[in-house]
Structure formats: C-alpha cells, structure tokens
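**Q** with the input below, show me the fold.
(one chain, ligands or ions: 1)
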Amino acid sequence: MSNWDCIIVGSGPAGLGAAFYLTDNKPGIKILIIDKEKYSTGGLRNDCKMNFTFPIGFPLEYWTKDRAEYYLEKVQKILSPPHMEKFNLDIYQKRAENLGTQLLSVKQSHLGTDGGLRLIKELVARLESRGVEFSLGEEAVSINEEKKILTTNQTERKYENIIISPGRKGFKFLQNVMNSIDIPYVDNIVDIGIRVETQLDLYPIVKDYYDPKFLFPGKVRTFCTNSKAAYVVQEKYTTSDGDNYYSVNGHAWSDPGKENNLVNFAMLRTLKLTKPVASGQKFAEILGLQAQLCGGGRPIMQRVGDFRLGKRSRKETFNNDLYNFQPTLKGCTPGDISLIMPNKILRSIWKSMKILDTITPGILHPSTIMYYPEIKMYANKPEFIDEYFQAKKDMYLIGDGAGTSRGITGAWASGIRAAEGIVKKIS
Ligand SMILES: Cc1cc2nc3c(=O)[nH]c(=O)nc-3n(C[C@H](O)[C@H](O)[C@H](O)COP(=O)(O)OP(=O)(O)OC[C@H]3O[C@@H](n4cnc5c(N)ncnc54)[C@H](O)[C@@H]3O)c2cc1C
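**A** Model prediction:
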C-alpha cells in the first residue's frame, strides 16, 4: 500500500485550495485527491460567483476580518478573478439603512456555470502538472485513525495527513467520522428559506450589483443571486434514516444563448436551536421531508399573488395570462408555502421581502415565484485542537461540510489554512 503525504477527501474549492498551497510550499509532496463523483470538482461547478469581501462566506466563530483578508489575498492570486463593477451602491445602501437593513459592498466576480467548468479543468491540469493525483469516482467510507488508513469503496489507503472536505452534501460522512473517532462537537446552525424567481426587470438592482448581499433584521439574508441566464435547480438529499428530500438552489450561465432575463436568489433565515433540541440538522431534515410530503415528492412553488391572497397556487396559476414567465425548475408542485413552513421563519422572510420591495420595488409582483425549501446544512461544529482546523492529530476538517466556510472563497481559504498547518508541522 503506498503511503501518501496527504490525502484530500473532496475535490471542491476547499480541497483544491489545500492542494495548491501544499504544492506551492512543499514541491514534490505526494498528494492524492479523491472524489466520489466521476468528475471534479464540487461547488465550483455551479454558477461560480466568487465573493472576496469579509464576512461573506466566513463563519465568524472561525474567522476574524484580518485573518480572512490574509487568506483571501492568496485565494485571489490563484483564481485571478475578473472583478465586477457596482453602480448606485450608495443609493441602495441609504434606502436599506432607513429600513434597518444593511447592504454589504462585496468585491465579486462571476464566471457562470460554464465558466466554472472551464476554471475547474484549468485548476486540475495545473495540479496534475505539479504531480497531484486524482482518483474520481472513489468514495471515502471510514477512517482508522490509529493506523492512519482511509477505507474507500475501492481500496484502503495509507496517509500521513488527511484533509476531509466533503462539502455540504458529504456532511453525513464527516459526522460519521466525528462519531466514530470521538471528535467532540457542538450542534451547528441551519439556514432555512425559499428561492425567489422573478423577471430581471422586477429586480433591476442586479444590473448594478450582480449578487447584492442584504442583511435584514431577524437573521434573514439574501444569498446566491443569479441573473440573465438564470435557472432554479434542485438537489437531492438523503436523511440519516435513508429518506430523500429536495432542496432548491440556483445558478446562471454566462452563455448569451441561454439568456431568459430572469433572476433568482435565496432568502434564508439562520436558525440556532438550543437545548432541549438535540439536533438542528434533524430539525431541518424533518422540514425537508414535510415539504416533500406536501409536494408529492417535489419542491413546492407558489406565486406571490396567491400568497398575498392567502391562496394556494394551482397548476392553472402557472399560465401565460397574468404571468408571463414560466418557472425554470419544471415539475415543482404548485401549493401553499404557509402550510408547510414554520410560521416564525415565514414571517421574518416575508417581512424581509417587503423591505426588499421597498428598497428596490418590483419583487412583490404577483408573478414572482417562491420555491420551498432551500435548506443549508453543515456538520456539527468540531472542536479543533489548533487554529488550522486540525480535529485529531494529522486530521483536518474543512470547507462547507465542516462549517468552516459558506461559499467558494471561504472554502478555498479554509483549505489554505489547513495546508498551512501541515506545512508548519512538517517543516
Ligand atoms: C447550485 C449551487 C450553486 C452555488 N453557487 C455558488 C456561488 O455562486 N458562489 C459561491 O461562493 N458558492 C456557491 N455555492 C456553494 C459552493 O458550491 C460551496 O460553498 C463550496 O463549493 C464549498 O466547497 P467545499 O470544498 O467545502 O465543498 P464542495 O464544493 O461541495 O466539494 C466537496 C466534494 O467532496 C465530494 N465528496 C463528498 N463526500 C465524499 C466522500 N465520502 N468521499 C469522496 N468525496 C466526497 C463531493 O462529491 C464534492 O465534489 C453553490 C452551491 C450550489 C449547490
């Protein structure tokens, strides 16, 4: 069995960030990156908006402004993103402030899903030219911490260091690892909300600011805005009991041929549950399953017009008479979000939508579609033994799955930070 200096589980931005830093600082280091998918690499495949301003994507319990900025500079050096200009920011900010809302000014770039795919190819080729090996379609199953052996669905692999960055979709694997080798943890937050889809002309701010980050009172925020050639998608999740549910999401293409002049973005409410709730994730999963039940196996969609009248949406509501655009996520079930979403979450999101409609009038047009659920889950928060996200000796847990980031750039930064810990240790 060959012995790897470092095995990285997950080829998303967190894993790639770690690999770049390690090969930059320890040329010749033997690195293997495995990913359960047959292609590389994680979340860079979706829309690829990159945010380069703290605190976007950086959970405050792990990052100070100075520390995040130190790593963001390194992230920019590798990804060299073309930054987008923003216009009329002060006007929107003033309006927001008057309503107790903050509009963050964030340095952004946007490659689109197609641009993201090109970037991935380039990054993988760069890493391969440095001697990094990839094994795609290989799934990490368990870890023997004492023998330093990773068991996958194909073989056993020996390592000196292991970086586990399986993303949000792999948070269960991470949770199992923590349980099996007694890594202490505390319950994490969950984000629950909806995805809003409307015509670009009804949310024209996106022409001035591609992904406007609003922070509303009541722990609600806008998240992941996509426009011009924008589509809502669904992701399948499996609960610990083996049941499936869908969470919606969104992305956009840069290809003008795919333009539909729509925009979509999430309105998320952050929830931190306290005792006696044993698990925030379980709570979120139950909400996902409940939506699945009411939607007959699909996410729910409702027009704002119906919602305001307290009516469920029906198939007939989705016609071209009053509403001149069709949902981009086909096959969702027209229904009533207020029947399914916990009232406290729904009330704060609806209030925030009214604020948003006052800042940039339009989104409460009756044609606007609200999709439910959009759920963001993270593994429980590990207790790290050092500042480099080391959770057990020579084992590092990073990225969105471990809750050390919430986005591409934060994930990449957490990869660098873990790799920095490894380099310091072996130097
Ligand atoms: C539709 C969509 C659009 C998004 N748009 C944006 C955006 O525009 N901007 C932004 O900043 N963020 C966006 N995100 C979020 C972003 O993708 C994540 O924040 C980021 O990718 C997290 O990086 P990561 O490396 O932690 O995990 P990931 O990118 O999720 O990578 C984890 C990898 O680990 C692999 N894996 C999981 N379990 C195992 C296992 N057991 N064995 C082997 N491999 C495993 C997965 O297959 C995956 O490739 C979007 C996400 C989605 C789903």
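**Q** how about the stretch 101-250 of the chain: which residue is closest to the ligand?
**A** Distance from the ligand to each residue of the stretch 101-250 of the chain (CB to the nearest ligand atom) is smallest for residue 167, at 2.1 Å. Any C-beta I mention is one placed from the backbone N, CA and C, and that applies to glycine too.
**Q** wait, that residue touches residue 11, no?
**A** No. Counting by CB atoms under 8 Å, residue 167 sits too far from residue 11 to count as a contact (9.7 Å).
**Q** for the closest residue to residue 102 other than its chain neighbours, helix, strand, or coil?
**A** Leaving out its chain neighbours, the residue that sits closest to residue 102 by CB to CB, 6 or more residues apart in numbering is residue 215, at 4.4 Å. Under DSSP: H, G, I helix; E, B strand; the rest coil, residue 215 falls in the strand class.
**Q** give the contact list for the residue nearest to residue 308 when sequence neighbours are not counted.
**A** Counting by CB to CB, 6+ apart, residue 308 lies nearest to residue 366, which is 7.2 Å off, once chain neighbours are set aside. With contact set as CB atoms under 8 Å, 6 or more residues apart in numbering, residue 366 has these partners: 303-306, 308, 322-323.
**Q** where's the dip in pLDDT among those residues?
**A** Lowest pLDDT within the contacts of residue 366 is found at residue 322 (67).
**Q** about what we covered before: reformat the contacts of residue 366 as a markdown table; add secondary structure, neighbour count and distance to the ligand.
**A** Output for these, formatted as a markdown table (DSSP: H, G, I helix; E, B strand; the rest coil; neighbours: other CB atoms under 10 Å; distance: CB to the nearest ligand atom, whole Å):
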| residue | secondary structure | neighbour count | distance to the ligand |
| --- | --- | --- | --- |
| 303 | strand | 24 | 23 |
| 304 | helix | 21 | 23 |
| 305 | helix | 17 | 27 |
| 306 | helix | 19 | 26 |
| 308 | helix | 11 | 28 |
| 322 | coil | 10 | 29 |
| 323 | coil | 18 | 25 |
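**Q** quick one: name the residues of this structure near the ligand.
**A** Residues of the chain lying near the ligand by CB under 6 Å from any ligand atom: 9-15, 34-37, 41-43, 46-49, 51, 57, 139-140, 165-170, 173, 224, 233, 235, 249, 251, 399-401, 407-408, 411.
**Q** what about residue 307, distance to residue 194?
**A** 10 Å (CB to CB, to the nearest Å).
**Q** give me the number of residues near whatever residue of the stretch 301-427 of the chain ends up closest to the ligand?
**A** Distances between the stretch 301-427 of the chain and the ligand by CB to the nearest ligand atom are smallest at residue 399, namely 2.4 Å. Residue 399 has 37 neighbouring residues, counting by other CB atoms under 10 Å.
**Q** ok, the one 4 residues further on next?
**A** Applying other CB under 10 Å, we find 25 residues neighbouring residue 403.
**Q** name the nearest residue to it, sequence neighbours excluded.
**A** Nearest to residue 403 is residue 378, by CB to CB, 6+ apart, at 3.9 Å.
**Q** where does pLDDT dip in the chain?
**A** 41, 320-322, 379 (pLDDT under 70).
**Q** can you list the domains in it?
**A** Split into domains by automatic domain parsing, the chain comes to 2-83+110-186+380-426, 189-376.
**Q** roughly how far does residue 58 sit from residue 383?
**A** Taken as CB to CB, the span from residue 58 to residue 383 is 19 Å.
**Q** between these two, which one's more packed in?
**A** Taking other CB under 10 Å, residue 58 and residue 383 do not tie; residue 58 has more neighbours (26 against 11).
**Q** might you report the residue contacts of the more buried one?
**A** 68, 405-406, 410, 413.
**Q** from those residues, which single one is nearest residue 75?
**A** For those, the closest approach to residue 75 (CB to CB) belongs to residue 413, at 5.6 Å.
**Q** hmm, residue 76 and the closest one touching each other?
**A** No. Look at residue 413 against residue 76 with CB under 8 Å: they stay out of range, at 10.4 Å.
**Q** comparing those two, which residue is more hemmed in?
**A** residue 413 (30 against 17).
**Q** give me the contacts around stretch 203-219.
**A** So stretch 203-219 is contacted by 49, 51, 56, 84, 86-89, 92, 96, 100-104, 106, 108, 110, 200, 221-227, 263, 265, 269-271, 348, 351-352, 355-356, 359-360, 362-363 (CB under 8 Å, 6+ apart).
**Q** quick one on the thing from earlier: may I see the ChimeraX selection of the buried members of the residues of the chain next to the ligand?
**A** A single ChimeraX command selects the buried members of these (16 or more other CB atoms under 10 Å):
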select :9,10,11,12,13,14,15,34,35,36,37,41,42,43,46,47,48,49,51,57,140,165,166,167,168,169,170,173,224,233,249,251,399,400,401,407,408,411
